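In: How does the following fold in three dimensions:
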Amino acid sequence: MNEETYTAHVVRHHEQLRCLARRILGCNADADDALQDAYVAAFLDRHKYDESRASFYTWLYAIVCHRCLGELRRAKTVPAYEHSIILQPEDALIAARLRDRICREVAELPANEAQMFALHDMEGLGYARIGRMLSTPTSTVAYHVDNARKHLRKRLHMEVA
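Out: A predicted model of the protein is given here:
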């Protein structure tokens, strides 16, 4: 893939990928840093892109997701969400605490579970699409998402109880 084609694809999908990075990392600055790193990595490896295996968007989506989850694992910090929805102060506080708690728990999941949970439950992708993106059987994706949900339910229930 030449530089011009690569750039056109990145421009076309930038906002979707930025939203993904922000949802995983929690704030615009971290998302932008991870996204930039992913773009550089993808540009350097663009010769490895195989259109017979996946669309460019799917290929780049997987790179961005890997970069963001790797950053979460390295940092082991809680994403600091910036609120885009206007809520009453007490509702905003409850929502922020819940998001922070969920993010802390997701960060503690095994890498495969965290990645597949984020793609399925946070991004809304289907098991089959995730499987194609990650070269993983659909049944394995479903297994990891289910395990992640069980773990989160257990941990969050213990917090409430």
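In: Next secondary structure element downstream of the helix or strand bottoming out on mean pLDDT in the chain?
Out: One helix or strand of the chain scores below all others by mean pLDDT, DSSP states H and E: helix 89-108, with a mean of 69. Sequence order places helix 111-117 as the next helix or strand after helix 89-108, per DSSP states H and E.
In: Pull out the buried positions in that next one.
Out: For helix 111-117, burial by neighbour count (16 or more other C-beta atoms under 10 Å) applies to 112, 113, 114, 115, 116, 117. From N, CA and C alone the C-beta is placed, and that goes for glycine too.
In: now the helices for this protein?
Out: 3-25, 28-44, 56-75, 89-108, 111-117, 127-134, 138-160 (DSSP state H).
In: Can you name every helix or strand that the third one contacts?
Out: Going back to what we said before, that points to helix 56-75. helix 3-25, helix 28-44, helix 111-117, helix 127-134 (3 or more C-beta pairs under 8 Å, 6 or more residues apart in numbering; DSSP states H and E).
In: Send over the shortest one as CSV, restricted to the C-alpha atoms.
Out: The C-alpha trace of helix 111-117 is given here as CSV (Å, rounded to 0.1, in the frame of the first residue of the first chain):
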residue,chain,number,x,y,z
ALA,A,111,-5.2,-9.5,28.3
ASN,A,112,-7.3,-11.7,26.0
GLU,A,113,-10.4,-11.3,28.1
ALA,A,114,-9.9,-7.5,28.4
GLN,A,115,-9.4,-7.1,24.7
MET,A,116,-12.3,-9.2,23.6
PHE,A,117,-14.6,-7.7,26.3
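In: where's it relative to the chain centroid, distance-wise?
Out: The chain centre lies 9 Å from the centre of helix 111-117; the measure is C-alpha atoms, centre = their mean, to the nearest Å.
In: ditto for the second one
Out: When distances are taken as C-alpha atoms, centre = their mean, helix 28-44 is centred 13 Å away from the chain's centroid.
In: ditto for stretch 38-51
Out: 18 Å.
In: ok, and for it, which residues are buried?
Out: Going by neighbour count (16+ other C-beta under 10 Å), the buried part of stretch 38-51 is 38, 39, 42, 46, 49.
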